[in-house]
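Coordinates for the following, if possible.
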Amino acid sequence: MPLIKDKLERPADVTRVVLEGLCAPWGGSRICTDAYERSIEVAADLQLAVAKAVSLEPFHSLTATWAGMTRDVGATQLSAARWYLDA
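The predicted model follows:
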């Protein structure tokens with residue numbers, strides 16, 4: 001009789017194989033997640049540069065906050081993707 005753990009691991013393994021196959025034309029899942037991480041860094045840096053360039057206070061604070069949220073949400077997504085793909 002198969003264990004519940006075996007039933008849960010098989011779909012995850014199949015999903016990893018499918019995702020690796022989909023990312024293969026661009027170098028695999030590792031390169032794709034690294035590129036996504038870099039794009040998040042660039043977007044957050046751009047938002048911070050805009051916040052520093054604008055002296056209008058509500059816009060400055062909102063843009064800086066948005067940059068922090070972009071960085072945090074991106075880090076959470078990357079952490080989950082790397083955990084799932086590297087498991």
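
For the protein, name the helix or strand with the lowest mean pLDDT.
Using mean pLDDT, DSSP states H and E, helix 4-23 stands out as the lowest-scoring helix or strand of the chain, at a mean of 69.

pLDDT averaged over the longest helix along the chain - what is it?
When the chain is parsed with DSSP state H, its longest helix is helix 57-86. The average pLDDT for helix 57-86 rounds to 91.

Contacts only, for the most centrally placed residue in the chain.
Here the mean C-alpha position of the chain is nearest to the C-alpha of L78 (C-alpha atoms, centre = their mean), at a distance of 3.2 Å. Contacts here follow C-beta atoms under 8 Å, 6 or more residues apart in numbering; on that basis L78 touches 33, 36-37, 40. To be clear about C-beta, it is placed using only N, CA and C from the backbone, and glycine gets the same treatment.

Next, find the distance separating it from I40.
Per C-beta to C-beta, to the nearest Å, L78 is found 7 Å from I40.

Please apply the same query to W26.
Taken as C-beta to C-beta, the span from W26 to I40 is 17 Å.

Between those two, tell me which one has more neighbours.
I40 (18 against 10; other C-beta atoms under 10 Å).

give me every residue that touches the more buried one.
Applying C-beta under 8 Å, 6+ apart to I40 gives the contacts 70-71, 74-75, 78.

Dump these into CSV; add distance to V17 as well.
Below are the contacts of I40 laid out as CSV (distance: C-beta to C-beta, whole Å):
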residue, distance to V17
T70, 31
R71, 31
G74, 25
A75, 26
L78, 21
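
In PyMOL, how would I select just the buried ones from the residues you listed?
A single PyMOL command is used to select the members of the contacts of I40 judged buried by 16 or more other C-beta atoms under 10 Å:
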select buried, resi 70+71+74
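
residues near L19, how many?
Count around L19 with other C-beta under 10 Å applied: 16.
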